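*Asks:* Curious how this folds, go ahead:
(one chain, ligands or ions: 1)
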Amino acid sequence: MADRPLIAPSILSADFARLGEEIAAIARPGETRADWVHVDVMDAHFVPNLTLGLPVVQSLIKSTDVPLDCHLMIDDPDRWAIGYAEAGAYNVTVHVEAANDPVMLAKNLRAAGAKAGLSIKPGTPLEPHVDTLKHYDTLLVMSVEPGFGGQSFMPDVLEKVRTARRLVDTGHLKLVVEIDGGINAETIEQAAEAGVDCFVAGSAVYGADDPGRAVAALREQAARSRRD
Ligand SMILES: O=C(CO)[C@@H](O)[C@H](O)COP(=O)(O)O
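*Replies:* Alright, predicted model coming up:
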């Protein structure tokens, strides 16, 4: 398990006209600093929303030293994901429902210098992919249907988190278990109890008056609730 809970604010809930400042607000040294910046790339095909792509990510990488956690909600990630790794993204996550050969893609992402992540939608079972988990650095369990921020947390997915936690702990895998969707002061405790390492939070961070303080508060709450 990660030494301390990781908090990854999702810039989907930030002001896109002031992205640099919004990231700077969670990048100052100290407890208010985010561990990763979560970047939701959406193509209006895999999900019914359109956000940003590689040129914006390239600019963000130049503008911050907080590692970028790129979550690709796009069709054909086998073709597009590598560009994010080559641009210097810290972690590149693709959807198991979208990739043709997610294991090969993970190998290519690692060869390009990035961590490789696999994401699963709420309705996608984990079991068929258990044997492949050793090929990934992160497992992003979606706790809302991907596409939009501000949705309600789906507690049913916690069973998948518990399974993933057990597999990581018993198999000594170096896999960060990440959760995304509806994480806030009310829901983070159950996610932490289930064994999540990294918490993506959009509206709970960027909807707060002080995003940095929200990061610190979420991390503290998760730390109190995690099982060690
Ligand atoms: O990937 C997604 C949505 O598809 C998420 O990253 C959301 O952006 C999280 O936002 P909140 O649910 O925390 O508001």
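*Asks:* Number of residues surrounding residue 166?
*Replies:* 11 (other Cβ atoms under 10 Å). C-beta coordinates here come from the backbone N, C-alpha and C atoms, glycine included.
*Asks:* With adjacent residues omitted, what lies nearest to it?
*Replies:* What sits nearest to residue 166 in space, not counting adjacent residues and going by Cβ to Cβ, 6 or more residues apart in numbering, is residue 195, at 7.9 Å.
*Asks:* contacting residues around the one you found?
*Replies:* For residue 195, the contacting residues are 1, 161, 162, 164, 165, 166, 168, 177, 226, 227, by Cβ atoms under 8 Å, 6 or more residues apart in numbering.
*Asks:* Including secondary structure, pLDDT and distance to residue 20, could these go into CSV?
*Replies:* Output for the contacts of residue 195, formatted as CSV (DSSP: H, G, I helix; E, B strand; the rest coil; pLDDT from 0 to 100; distance: Cβ to Cβ, whole Å):
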residue, secondary structure, pLDDT, distance to residue 20
1, coil, 79, 33
161, helix, 98, 33
162, helix, 98, 38
164, helix, 98, 34
165, helix, 97, 36
166, helix, 97, 41
168, helix, 97, 35
177, strand, 98, 30
226, coil, 80, 32
227, coil, 59, 38
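*Asks:* Around the ligand, pick out the residues from the chain.
*Replies:* Selection of the chain residues close to the ligand by Cβ under 6 Å from any ligand atom yields 10, 12-13, 38, 40, 71, 144, 146-151, 180-183, 200-204.
*Asks:* Could I get the pLDDT score of the residue in the chain that the ligand sits nearest to?
*Replies:* When distances are taken as Cβ to the nearest ligand atom, the chain reaches nearest to the ligand at residue 202, 2.7 Å away. Listed pLDDT for residue 202 reads 98.
*Asks:* what number of residues lie near it?
*Replies:* For residue 202, the count of nearby residues is 26 (other Cβ under 10 Å).
*Asks:* mind checking the backbone torsions on it?
*Replies:* The phi and psi torsions at residue 202 (degrees, to the nearest 10) take the values phi -100, psi -80.
*Asks:* Now do the contacts for it.
*Replies:* Residues 9, 10, 11, 12, 13, 38, 149, 150 are the ones in contact with residue 202 under the rule Cβ under 8 Å, 6+ apart.
*Asks:* and with 10 Å instead?
*Replies:* When contacts are counted by Cβ atoms under 10 Å, 6 or more residues apart in numbering, residue 202 touches 8-14, 38, 40, 144, 148-151, 180-184.
*Asks:* Where does the residue lying closest to residue 134 once chain neighbours are set aside fall, secondary structure wise?
*Replies:* In space, and not counting its chain neighbours, residue 134 is closest to residue 173: 6.0 Å by Cβ to Cβ, 6+ apart. In this structure, residue 173 is located outside every helix and strand according to DSSP states H and E.
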